[in-house]
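Asks: structure, please.
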Amino acid sequence: MTRATLDKQPHEVASMFDDVAANYDLTNDVLSLGQDRRWRRQVAKAVDARPGQRVLDLAAGTGTSSLPFVEDGAYVVPCDFSLGMLREGKRRHPWLPLTAGDATRLPFRDGAFDAVTISFGLRNVQDTDAALSELYRVTKPGGRVVICEFSHATWAPFRTVYEEYLMRALPPVARAVSSNPDAYVYLAESIQSWPGQPELAALLQRAGWTKVAWRNLTGGIVALHRGTKPLDA
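Replies: Numbers count the residues shown, from 1 in each chain. The predicted model follows:
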């Protein structure tokens, strides 16, 4: 799959991530010029996991994104639909409870988690509304959601430069560091196809989340969305 459409076939997307699992974290670090580490620190700060809390880290890939929650003393469940990613994660972090799961049909009971989070994975889900509803379902009343996702730069000149980088510079860089550079062409196109910050906030509200807000990171090329499940839900 080399074209990004919003009609994504789950088996195709999963297969794509299976192919890049071994070098995925390194490739992201190179392509983002190291910014991905800063973004993940901001996610951990927003989730604000506490000792004893249960955190769902959806689209966790190899589990790297879950480690900050473990350091905060929470019980974290890394979940992903790419078995290749999970196998690589189990090789690196055999003690993590890595779990296979589809974002639109999560294998967890209602209200199982104090906090749920997904970083750079929501745009790869076939049905965004279903995923947001599932995250809502498995969160305790009063619990929180944090979504970190590529978005749209807020300053027009920077947006032009960034989009040029995505479509012109990213493919050759991906060819140099990735085992499947076509996957990164798809990922670049999926970023351009993804809704902007206000549109994603509206989708969160439609799924039932309240106190929805977002904060732009790196000029808006990434946005950190937050929401709360009502206590009376």
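
Asks: ok, and for the longest strand along the chain, which residues are buried?
Replies: Taking DSSP state E as the assignment, the strand of the chain that covers the most residues is strand 139-150. Within strand 139-150, the residues that qualify as buried by neighbour count (16 or more other C-beta atoms under 10 Å) are 139-140, 143-150. C-beta here means a position set from N, CA and C on the backbone, and glycine is covered the same way.

Asks: can you check stretch 42-58 too?
Replies: For stretch 42-58, a neighbour-count test (16+ other C-beta under 10 Å) marks 42-44, 46-47, 49, 53-58 as buried.

Asks: what do you get for stretch 68-87?
Replies: Quick answer for stretch 68-87 (16+ other C-beta under 10 Å): 68-70, 72, 74, 76-82, 84-86.

Asks: with stretch 187-194 instead?
Replies: 187-191, 194.

Asks: could you dump the buried residues of stretch 42-58 into CSV and include pLDDT and distance to residue 205?
Replies: As requested, the buried residues of stretch 42-58 are exported to CSV (pLDDT from 0 to 100; distance: C-beta to C-beta, whole Å):
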residue, pLDDT, distance to residue 205
42, 96, 22
43, 97, 21
44, 96, 24
46, 97, 18
47, 98, 20
49, 97, 24
53, 98, 24
54, 98, 24
55, 98, 23
56, 98, 20
57, 98, 23
58, 98, 19
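
Asks: just the ones of those in strands?
Replies: 54-58.

Asks: what's the farthest-apart pair in the buried residues of stretch 42-58?
Replies: The most widely separated members of the buried residues of stretch 42-58, counting by C-beta to C-beta, are 42 and 54 (21.3 Å).

Asks: what mean pLDDT does stretch 211-226 get?
Replies: On average, the pLDDT along stretch 211-226 is 96.

Asks: any buried residues in it, and which?
Replies: In terms of neighbour count (16+ other C-beta under 10 Å), stretch 211-226 has its buried residues at 212, 214, 217-218, 220-226.
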